[in-house]
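Enquirer: this one's structure only:
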């Protein structure tokens, strides 16, 4: 019998977004200054397209905490112009499922932000600082 998933921690969308904003302001200033034209958004769950991008099936959606959409800084050439802003998406339900309390949520949001923003800077999964 497969293990049952627990219910997600209860933090409403508005509160969750406030926590995301607070964690964004806690990024080191030198890091934050390099995030020109990058939007951070919160979505409830990943779309089928997002799961496909990372090679996950629909049954694995709760395991995807965030995703970077864009062209990393190291891939931009002199002809890079007029592109839509890059986006970092945080998946609220997935993060809440992974956490036991609000302190855990804050840490997971921060870790996921750093990870996804690392992709913006051109880091691969194996190159992340944690």
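Expert: Thanks, I have the structure now. Given the structure is predicted, the values throughout are model-derived calculations rather than measurements.

Enquirer: what residue ranges in the chain score low on pLDDT?
Expert: Where the chain drops to pLDDT under 70, the residues are 1-7, 129-130.

Enquirer: so where do the helices sit in it?
Expert: Along the chain, counting by DSSP state H, helices occupy 13-25, 29-32, 48-53, 92-98, 102-120.

Enquirer: who are the packing partners of the last one?
Expert: To tie it back to what came earlier, the one meant is helix 102-120. Counting contacts by 3 or more CB pairs under 8 Å, 6 or more residues apart in numbering; DSSP states H and E, helix 102-120 is packed against helix 13-25, strand 38-43, strand 66-69, strand 86-91, helix 92-98. In short, each C-beta sits where N, CA and C put it, glycine included.

Enquirer: I'd like these written out as JSON lines, with distance to residue 128 and mean neighbour count added.
Expert: As requested, those are arranged in JSON lines below (distance: least, CB to CB, whole Å; neighbours: other CB atoms under 10 Å):
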{"stretch": "helix 13-25", "distance to residue 128": "17", "mean neighbour count": "14"}
{"stretch": "strand 38-43", "distance to residue 128": "17", "mean neighbour count": "16"}
{"stretch": "strand 66-69", "distance to residue 128": "12", "mean neighbour count": "20"}
{"stretch": "strand 86-91", "distance to residue 128": "14", "mean neighbour count": "21"}
{"stretch": "helix 92-98", "distance to residue 128": "17", "mean neighbour count": "19"}
